[in-house]
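A.B. asks: attaching a predicted model along with its sequence, questions to come.
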Amino acid sequence: MKLSDTEKSRLAGECRLQKSYPSYKKIMELHREAVKEEKSFYTDPQTGLTVFTAIYLYKKGACCGSGCRHCPF
């Protein structure tokens, strides 16, 4: 499923983190870039863990209730 630029723009801003969270700006930069390229994940710069993008979660079609960082639902 290809997404429109409007959908990508909306999804790029999805984040449950507080703006005071360490590395928030870098995380959002990595997320926006991954969404732009329609990637499913990026690596958290602070923890090294894999984080699903809003694109991946949106394409799943529903919230799983796990509290994902970039859940679009």
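C.D. replies: Done, it's in. These numbers come from a predicted model, not from an experiment. Numbers count the residues shown, from 1 in each chain.
A.B. asks: okay, stretch 4-13 in PDB with CA atoms only?
C.D. replies: The C-alpha coordinates for stretch 4-13 follow below in PDB (Å, rounded to 0.1, in the frame of the first residue of the first chain):
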ATOM      1  CA  SER A   4       0.100   9.900  -0.200                       C
ATOM      2  CA  ASP A   5       2.400  12.700   0.800                       C
ATOM      3  CA  THR A   6      -0.400  14.100   3.000                       C
ATOM      4  CA  GLU A   7      -0.700  10.700   4.900                       C
ATOM      5  CA  LYS A   8       3.100  10.500   5.300                       C
ATOM      6  CA  SER A   9       3.200  14.100   6.700                       C
ATOM      7  CA  ARG A  10       0.500  13.300   9.200                       C
ATOM      8  CA  LEU A  11       2.200  10.000  10.300                       C
ATOM      9  CA  ALA A  12       5.600  11.600  10.600                       C
ATOM     10  CA  GLY A  13       4.500  13.700  13.500                       C
END
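A.B. asks: so what touches that stretch?
C.D. replies: Contact with stretch 4-13 is made by 3, 31-32, 35-36, 38, 53-55, 58, 70, 72, as judged by Cβ atoms under 8 Å, 6 or more residues apart in numbering. To be clear about C-beta, it is placed using only N, CA and C from the backbone, and glycine gets the same treatment.
A.B. asks: which members of the residues you listed are positioned in helices?
C.D. replies: Here DSSP state H is the test, and the contacts of stretch 4-13 give 31-32, 35-36, 54-55, 58 as lying in helices.
A.B. asks: tell me where this structure has strands.
C.D. replies: Using DSSP state E, the strands of the chain run over residues 41-43, 50-52.
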